[in-house]
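**Student:** sequence plus the predicted model coming up.
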Amino acid sequence: MAKNTKLAYLQMPKIKKKERHFVLVLIASFLIPAVRLLFKLVPKGQEKLPKSGAYVLVSNHVTNVDPLAMAYFVYVVLKRAPHFLAKGNLFKNPLVGGLLRAAGQIPVYRGGQRNDEPLRAAHAFLDAGHCISIFPEGTLTRDPELWPMRGKTGAVRLALETNVPVYPVAHWGSEQVLPQYGSKFRPGFWKPVHMIVGDEIDLSKYRNKKLTPAEVYEATALVMSRITELVSQLRGTVAPAELWDPAQHGQSEVGNFKKKAKR
């Protein structure tokens, strides 16, 4: 019985014929005013993105406000439908899970379980010409100064397997609205969340071939370096020479690592 319940709340979304369909427009009509009260998005470089067709957006992940900023960017600025690979626990609530699924969000497993089904769903969205937004770090950064940390390979694998372009997107300012793993919102429609889109990441070296694990990690490191360069531009400071690696610092890969450290 428990297994069926788990499968039910992790059910994959269905692809609609129209990218910005009625349900998505309805949900957006409520969320857009709320987001505008939380912060002011200041985008730059969006003209680099294709007007239509499939591609993967990869971005840094600082606070839990970031998905709202990215969704707002994709829907309002790009006039596209935002699709995310979101943690499965968000789908446990029938109402929230139903809305997320209806809006085309893809639940993923945590805790070492295989994500074959979610990846197939992401493939299907890209095959249908949609764009997918991914935070390659897989969770909020563990870097003490909130710089991007080491990325996971899922975003690169997805882009290479579907042969779609990858564009880096960096943002900075969401931490002023909601601190990392904080619970107190500090909203303000005047608070800027700056966002910048970079040039397409050149992954030609890794396309149309069977990659070794080392090459997949190399491609992932390239993606994270491009994101970090953009974050550095927004912050106006030099990024660390090496990306933060949670494993080297004894930190958990998922969950609130700050809370766990206090136990």
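**Tutor:** Now that the structure is in, tell me what you want to look at. None of these values were measured; they are calculated from a predicted model.

**Student:** looking at this structure, which helix or strand is least sure?
**Tutor:** helix 2-9 (a mean of 48; mean pLDDT, DSSP states H and E).

**Student:** after that one, which helix or strand is next? Please name it.
**Tutor:** Remark: after helix 2-9, the chain's next helix or strand is helix 22-38, criterion DSSP states H and E.

**Student:** and that following helix, what other elements does it pack with?
**Tutor:** Contacting helix 22-38 under the criterion 3 or more CB pairs under 8 Å, 6 or more residues apart in numbering; DSSP states H and E are the following elements: helix 66-72, helix 94-102. C-beta here means a position set from N, CA and C on the backbone, and glycine is covered the same way.

**Student:** now do it: distance to the chain's middle.
**Tutor:** Chain-centre distance of helix 22-38: 19 Å, with CA atoms, centre = their mean, to the nearest Å.

**Student:** check stretch 163-179 too.
**Tutor:** Between the centre of stretch 163-179 and the centre of its chain there are 8 Å (CA atoms, centre = their mean).

**Student:** quick check: which ranges of the protein have low pLDDT?
**Tutor:** Counting by pLDDT under 70, the chain has low-confidence residues at 1-9, 110-115, 255-263.

**Student:** what about the helices in it?
**Tutor:** Secondary structure of the chain, counting by DSSP state H: helices at 2-9, 22-38, 66-72, 94-102, 116-127, 154-162, 213-235, 257-262.

**Student:** make TSV from the ones you listed and add mean neighbour count to it.
**Tutor:** Below are the helices of the chain laid out as TSV (neighbours: other CB atoms under 10 Å):
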stretch	mean neighbour count
helix 2-9	10
helix 22-38	14
helix 66-72	22
helix 94-102	15
helix 116-127	17
helix 154-162	21
helix 213-235	18
helix 257-262	11
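
**Student:** could I get the ones you listed as CSV with distance to E145?
**Tutor:** CSV is the format used below for the helices of the chain (distance: least, CB to CB, whole Å):
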stretch, distance to E145
helix 2-9, 36
helix 22-38, 23
helix 66-72, 17
helix 94-102, 31
helix 116-127, 31
helix 154-162, 23
helix 213-235, 9
helix 257-262, 14
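
**Student:** quick one: which of these is nearest G88?
**Tutor:** helix 2-9 (7.3 Å; CB to CB).

**Student:** H249 contacts R142, correct?
**Tutor:** Yes: counting by CB atoms under 8 Å, R142 is a contact partner of H249 at 7.1 Å.

**Student:** more neighbours: which of the two?
**Tutor:** More neighbours surround R142 than the other of H249 and R142, with 20 against 12 (other CB atoms under 10 Å).

**Student:** could you check how far the more buried one is from P148?
**Tutor:** Counting by CB to CB, to the nearest Å, the gap from R142 to P148 is 10 Å.

**Student:** related to what we said a few turns ago, nearest to S174, out of the helices and strands packed on helix 22-38?
**Tutor:** Among the helices and strands packed on helix 22-38, the nearest to S174 by CB to CB is helix 66-72 (5.5 Å).

**Student:** I'd like to know how far C131 sits from V156.
**Tutor:** Relative to V156, C131 is positioned 16 Å away (CB to CB).

**Student:** what does R226 give?
**Tutor:** Separation of R226 from V156 (CB to CB) stands at 12 Å.

**Student:** please name the residues that touch W147.
**Tutor:** W147 is in contact with T141, T228, V231, A239, P240, L243, W244, counting by CB atoms under 8 Å, 6 or more residues apart in numbering.

**Student:** how about a cut-off of 7 Å?
**Tutor:** T141, T228, V231, A239, P240, W244 (CB atoms under 7 Å, 6 or more residues apart in numbering).

**Student:** and the strands in the stretch 51-200 of the chain?
**Tutor:** Ranges of strands within the stretch 51-200 of the chain are 55-59, 85-87, 106-108, 131-134, 166-172, 192-197, based on DSSP state E, counting those that start in this stretch.

**Student:** kindly reformat those strands as JSON lines containing distance to N93 and mean neighbour count.
**Tutor:** Output for these, formatted as JSON lines (distance: least, CB to CB, whole Å; neighbours: other CB atoms under 10 Å):
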{"stretch": "strand 55-59", "distance to N93": "25", "mean neighbour count": "24"}
{"stretch": "strand 85-87", "distance to N93": "13", "mean neighbour count": "18"}
{"stretch": "strand 106-108", "distance to N93": "12", "mean neighbour count": "24"}
{"stretch": "strand 131-134", "distance to N93": "22", "mean neighbour count": "24"}
{"stretch": "strand 166-172", "distance to N93": "27", "mean neighbour count": "24"}
{"stretch": "strand 192-197", "distance to N93": "26", "mean neighbour count": "20"}
